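Colleague: based on what follows, work out the 3D shape:
(one chain, ligands or ions: 1)
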Amino acid sequence: MKNKSPRAIAVKILTEVEKGSYSNLALNRHLTPEIEKEDRALITELVYGVVKYRVRLDYVLSKFSKVKISSIHPVVLNSLRVGLYQILFLDKIPDYAAVNESVNVAKSFGKRAAGFVNGILRNVIRNKDVIDYPEPAKEPVRYLSIYYSFPEWMVRRWIELFGFDFTESLLSAFNEKPKLCVRVNELKIKKDDLKSLLNKEGVKWSSGLFLEEALYIEDGPPLTRLESFKRGYFQPQDESSMLVARVLGAKGEERVLDVAAAPGGKTTHIAQLMKNTGRIHAWDLHPHRIELLKETCRRLGVTIVHPEVRDAKIPDTKSFVQFDKVLVDAPCSGLGVIRRKPDIKWTKKPEDVVNLKREQFELLSASSKYVKPGGAIVYSTCSIEPEENEKVIEKFLQENRDFEPDDIRPFLPKALSGELKEPYGYIQIYPNVHGLDGFFIARLIRRQ
Ligand SMILES: C[S@@+](CC[C@H](N)C(=O)[O-])C[C@H]1O[C@@H](n2cnc3c(N)ncnc32)[C@H](O)[C@@H]1O
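Modeller: Numbers count the residues shown, from 1 in each chain. Next up, the predicted model:
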């Protein structure tokens, strides 16, 4: 496909995503520097929009197409989805422009494909205000699954866990476009100085919702091209992820172990809170991810981290009871961060949650051996699934009587600690409640 229009590029990316690419990686590959800022923004919006709303888009298309959706050629289908997404969701783009652009993309497949796309999209425009969706009262799972575009298994699971109303607000929040959040690297720059510098670099920012080290990026050039990024004055990181280092509460001069550390967002935040004193051992299973962690430490000027490629499930007996603080930021389903990674809707399967909980429990159990008596272990995931979170903690506490839940309220901002219930040992963050990525954080103490 030689067409270099933003819609054509979006269709190409979407067709790669359907073959198994992650949308963020495919976007990075195709968003070459010569593409204008506005076009980059449009391509990104179209790709994430179609990935996010695929079920709803296909449902609407199926109402207007005589050909079964599964029989339409992927490029023609993605031209239709891109056109339909603009018609249903992007008021700033006139309907006729959305149709013409999709027709142009489909033209590479011949006149018939172009006519097919033209006919369906024009028909949608005439009828878009009277599209029938399943009735929520009669078919709650099907309705939520189609309207908010989620796999039925996720919707069913969340309705069982949280009820219909909470699930609906959760799905809606997962579909919102999250703002980019960064952590001010106070090891290198004062927050007010970074704000002034960002102003000079043409970046619009706003303050964090809960934490003083957080800033939201409202608009501006791509972050990694900024001098302030290259100099290590900030690190992209969601605010809920920043809560983890806060809850760990490591102080300067302590010995800390971060068993699943790469690419290092939380490790470097811990180092920042320790004022770059003491020692952090940072392990990860994957060598290429440890390289990323080293690079992050270098850029941010963090010097107390000792990275090591290690499987944290294999005991290192000489390190037992050696650490004041241990962090287990466990591999997880990622179902809490769908607003940032919409592919998760389609790549995760119900069995992932079941398989992961075993892995998470083993990782927590193995890591607990390194905690000194009186020391603390923090367990976190970017998931909202109880099996990966409080159930792992409950099982661990049942089998490890030398650990007890700790009160995490002193480590949290007041706006969050107020909502916790006894024994105050963990917090579950939800995007629809807190406006942050879904996250779970628990803190346990090893008895003296
Ligand atoms: C959620 S990510 C960690 C993110 C990291 N803490 C941060 O804030 O940047 C989980 C990490 O666990 C690592 N991992 C998975 N199994 C592991 C194991 N058995 N031992 C050590 N690391 C492991 C993965 O390679 C992955 O980098």
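Colleague: which other residues reach whichever helix or strand F116 is part of?
Modeller: Element membership for F116 (DSSP states H and E) is helix 111-127. Helix 111-127 is contacted from outside by 60-61, 64-65, 67, 73, 76, 79-80, 83-84, 87, 95, 98-99, 102-104, 106-107, using CB atoms under 8 Å, 6 or more residues apart in numbering. In short, each C-beta sits where N, CA and C put it, glycine included.
Colleague: please repeat the previous calculation with a cut-off of 6 Å.
Modeller: If you take CB atoms under 6 Å, 6 or more residues apart in numbering as the criterion, helix 111-127 is touched by 64-65, 76, 79-80, 83, 95, 99, 102-103, 106-107.
Colleague: tell me the SS of S145?
Modeller: Assigned state for S145: helix (three-state reduction, DSSP: H, G, I helix; E, B strand; the rest coil).
Colleague: same check on A98?
Modeller: helix.
Colleague: quick check: it touching Y85?
Modeller: No - between A98 and Y85 there is no contact under CB atoms under 6 Å: 8.3 Å.
Colleague: more neighbours: which of these two?
Modeller: Y85 (26 against 22; other CB atoms under 10 Å).
Colleague: for the more buried one, helix, strand, or coil?
Modeller: Per three-state DSSP, Y85 ends up helix.
Colleague: and the gap between it and D58?
Modeller: Per CB to CB, to the nearest Å, Y85 is found 11 Å from D58.
Colleague: now, the contacts of helix 111-127 that are in helices?
Modeller: 64, 76, 79-80, 83, 95, 99, 102-103, 106 (DSSP state H).
Colleague: which among these count as buried?
Modeller: 64, 76, 79-80, 83, 95, 99, 102-103, 106 (16 or more other CB atoms under 10 Å).
Colleague: what's the most distant pair in those residues?
Modeller: Greatest spatial distance among those (CB to CB): V76 and D95, at 19.3 Å.
Colleague: ok, the one residue in the stretch 51-200 of the chain that gets nearest to the ligand - contacts?
Modeller: Evaluated by CB to the nearest ligand atom, the stretch 51-200 of the chain has R183 as its residue closest to the ligand, separated by 11.0 Å. R183 makes contact with 213, 235, 237, 242, according to CB under 6 Å, 6+ apart.
Colleague: helix or strand: which one has it?
Modeller: strand 180-184.
Colleague: quick one: strands adjacent to that strand?
Modeller: Sheet pairing of strand 180-184 (DSSP bridges) gives strand 214-219 (antiparallel), strand 234-236 (antiparallel).
Colleague: between these, which one is nearest to the ligand?
Modeller: Going by CB to the nearest ligand atom, the one of those nearest the ligand is strand 234-236, 9.6 Å.
Colleague: near the ligand, which residues of this structure? Just list them.
Modeller: 259-266, 283-286, 289, 311-313, 329, 331, 363 (CB under 6 Å from any ligand atom).
Colleague: ok, now with 8 Å
Modeller: 237, 241, 244, 258-267, 269, 283-286, 289, 293, 310-314, 327, 329-332, 359, 363, 381-382 (CB under 8 Å from any ligand atom).
Colleague: in helices, which of these appear?
Modeller: Per DSSP H, the residues of the chain next to the ligand map to helices at 241, 244, 265-267, 269, 289, 293, 359, 363.
Colleague: quick one on the thing from earlier: pLDDT added to the ones in helices among the contacts of helix 111-127, as a markdown table?
Modeller: As requested, the ones in helices among the contacts of helix 111-127 are exported to a markdown table (pLDDT from 0 to 100):
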| residue | pLDDT |
| --- | --- |
| F64 | 95 |
| V76 | 95 |
| S79 | 96 |
| L80 | 97 |
| G83 | 97 |
| D95 | 94 |
| V99 | 95 |
| S102 | 95 |
| V103 | 95 |
| A106 | 92 |
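Colleague: could I get the residues you listed as CSV with distance to F150?
Modeller: Output for the ones in helices among the contacts of helix 111-127, formatted as CSV (distance: CB to CB, whole Å):
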residue, distance to F150
F64, 22
V76, 25
S79, 24
L80, 21
G83, 23
D95, 27
V99, 28
S102, 25
V103, 30
A106, 28
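Colleague: list the residues that contact R340.
Modeller: P178.
Colleague: can you do 10 Å?
Modeller: By CB atoms under 10 Å, 6 or more residues apart in numbering, the residues touching R340 are 24, 48, 174, 177-178, 180-181, 238, 334, 382, 431, 437.
Colleague: same check on G163?
Modeller: Counting by CB under 10 Å, 6+ apart, G163 has no contacts.
Colleague: how about E239?
Modeller: Neighbours of E239 in contact, by CB under 10 Å, 6+ apart: 181-183, 208-211, 213-216, 413, 429, 434-437, 439.
Colleague: kindly compare burial across the strands paired with strand 180-184 and name the winner.
Modeller: strand 234-236 (a mean of 21; mean count of other CB atoms under 10 Å).
Colleague: contacts for it?
Modeller: Under CB under 10 Å, 6+ apart, the answer for strand 234-236 is 180-186, 188-189, 191, 194, 197-198, 205, 213, 215, 217, 223-224, 226, 228-229, 242, 264-265, 268-269, 272, 296, 299-300, 302.
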